[in-house]
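**Q** Provided below for reference: sequence and predicted model.
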Amino acid sequence: MSCRISELVLNCKDPELLAKFWSDVLGYVELDRDEGSIEIGPSDAGFGGLQPTIILSPSSNPRAGRLPLHIDVNPVDRDQAAELERLLALGARQADVGQTGEEQWHVLQDPEGNEFCLLRRQLEDAA
């Protein structure tokens, strides 16, 4: 018996803002709305598919910055430098967590300050 991650929940001040940001980053679509929460995920699979969905849940006290768990993303249709430009244009910001400058990844923050990393390796598109 085993488990699989089906969804990630991110408490946030502005679910609309982060749903738009993360949908644009990941190529996800809105799947559901419930009591202020917005669920986004792959258009062809949705909840229960091989890729987890993300629920942006409203919170008056979300934690921002260095969370115990963060999201790593990889480019799928361009190299890392081009993807970094795209993410910054979408509203991501560079984050300094003590990197040396020699890392093969970029530490970024979403519009609410939640850290995530852009890794170097280009992956195949899941679609």
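**A** Happy to help now that I have it. Numbering: from 1, shown residues only.

**Q** do you know how far the residue nearest in space to the middle of the chain is from Q104?
**A** By Cα atoms, centre = their mean, the chain has its centre lying nearest to W22, at 5.0 Å. Taken as Cβ to Cβ, to the nearest Å, the spacing of W22 relative to Q104 amounts to 23 Å. Every residue, glycine included, has its C-beta placed from N, CA and C.

**Q** For the protein, give me the ranges with low pLDDT.
**A** 1, 62, 64-65, 126-127 (pLDDT under 70).

**Q** Which parts of it are helices?
**A** For the chain, the helices defined by DSSP state H occupy 15-26, 80-90.

**Q** Please name whichever of those is nearest to C3.
**A** helix 15-26 (21.9 Å; Cβ to Cβ).

**Q** and the helices of the chain, which is most packed in?
**A** Comparing these by mean neighbour count (mean count of other Cβ atoms under 10 Å), helix 15-26 ranks first with a mean of 19.

**Q** What is it packed up against?
**A** strand 29-34, strand 37-41, strand 53-58, helix 80-90 (3 or more Cβ pairs under 8 Å, 6 or more residues apart in numbering; DSSP states H and E).

**Q** what's the angle between the third one and strand 37-41?
**A** Spelled out, that is strand 53-58. 160 degrees (axes from the mean of the first three to the mean of the last three Cα atoms, to 10 degrees).

**Q** From the rest of the structure, what touches strand 53-58?
**A** Under the contact criterion Cβ atoms under 8 Å, 6 or more residues apart in numbering, strand 53-58 has outside partners 6-13, 15, 18-19, 22, 26, 28, 31, 36-42, 46-47.

**Q** buried set for that strand?
**A** Within strand 53-58, the residues scored as buried using 16 or more other Cβ atoms under 10 Å are T53, I54, I55, L56, S57.

**Q** same check, this time on stretch 43-52
**A** G46, P52.

**Q** Any chance you could list what contacts that stretch?
**A** If you take Cβ under 8 Å, 6+ apart as the criterion, stretch 43-52 is touched by 5-8, 28-29, 31-32, 39, 41-42, 53, 126-127.
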